[in-house]
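Engineer: coords please:
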Amino acid sequence: MNRNNIITVIRMTFAVALWFAVTSVGGKLLAPLLEGVLPEMASIILRTMVLPYTLGLMLFFMAVIGMKKTPETGRSEGKVSAGTIGKFFLIQTGLSFPCMVAGNIACKILGADIGGMSAEQLFGRLGFYIVLLLIFNPIFEELLFRKFVLERLTCLGTAGSVICSAVLFAIPHVFSQGFPQMLYTFALGLVWGYVTIRTGKLLPAIILHSLSNLYCAFIPAALSLIHPMAQIPFVMLTLSVMLPSSIVLILRGKKQL
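Structural biologist: Okay, here's the model as predicted:
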């Protein structure tokens, strides 16, 4: 990697760090100040949805002023089909789900906190989390990481930009949600970065992001409320179906290149 590319990666890392500092630290500092001033839900929306994409995004753009943007044009033209979305959903689940399971097992063995969100938290504010995890975060996180970040890393080449953007996407999750989520989101970041470059469109990554949150957050949480052991068949079925399917699809895609 040449000197200019190293500087690009350092600047982008700093920009994402600024954004995350506002999102995480700023939100925590703001919480006690808003207590009793605003209704609880209004405070949560301000800290988790408004703050990251106003002040956080402003600092991000201040850090990347002057960086060259080179959006890559994908090879697909026209609308992205449901079949394409389905294929990449199988791939992303087959790659990311085993990473999350392995991370959870490692944390259990080491006695570390798994992190993440409990079913009680998720369903305690179901309407809010439906909007946040299925609509808001897929749109705004993909804009940030698969557009604003990825298009400034294209000097690294396709593989380099996808890997670097996936790393920058994953690292904040280790602080906010734990080690298993970092592994999980890194695998997802690889797929979403690749599909964005491959199709030349951001919408597929947004849809895949929403589907991932639905499949890997809402469904397991709902099953755990039905019965503590109900997640086991779901995990085993996902690993036995999605992982082999993703391998087959990846190998088939390589042959077509």
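Engineer: how about the helices in this structure?
Structural biologist: 3-21, 27-34, 40-45, 55-63, 82-110, 119-124, 126-131, 137-142, 157-176, 179-199, 203-213, 219-226, 231-256 (DSSP state H).
Engineer: tell me the most buried of those?
Structural biologist: Highest mean neighbour count of the helices of the chain: helix 179-199, a mean of 24 (counted as mean count of other Cβ atoms under 10 Å). C-betas here are computed from N, CA, C, even on glycine.
Engineer: counting by contacts, list what it packs against.
Structural biologist: helix 82-110, helix 157-176, helix 203-213 (3 or more Cβ pairs under 8 Å, 6 or more residues apart in numbering; DSSP states H and E).
Engineer: could those helices be laid out in TSV, adding distance to I139?
Structural biologist: Formatted as TSV, those follow (distance: least, Cβ to Cβ, whole Å):
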stretch	distance to I139
helix 82-110	16
helix 157-176	15
helix 203-213	6
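Engineer: which ones are touching L38?
Structural biologist: L46 (Cβ atoms under 8 Å, 6 or more residues apart in numbering).
Engineer: if you set the cut-off to 10 Å instead, what comes out?
Structural biologist: Taking Cβ atoms under 10 Å, 6 or more residues apart in numbering, we find L38 in contact with 44-46.
Engineer: which regions of the chain lie under the pLDDT threshold?
Structural biologist: Residues of the chain meeting the criterion pLDDT under 70: 71-78, 255-257.
Engineer: centre-most residue in it?
Structural biologist: Taking Cα atoms, centre = their mean, the centroid of the chain lies closest to T185, which sits 5.0 Å from it.
Engineer: what distance do you get for that residue to E120?
Structural biologist: T185 sits 23 Å away from E120, going by Cβ to Cβ, to the nearest Å.
Engineer: do the same with V50
Structural biologist: Where E120 is concerned, V50 sits at a distance of 25 Å (Cβ to Cβ).
Engineer: L251 is nearest to which of the helices and strands packed on helix 179-199?
Structural biologist: helix 82-110 (11.0 Å; Cβ to Cβ).
Engineer: that concludes my questions; thank you for your assistance.
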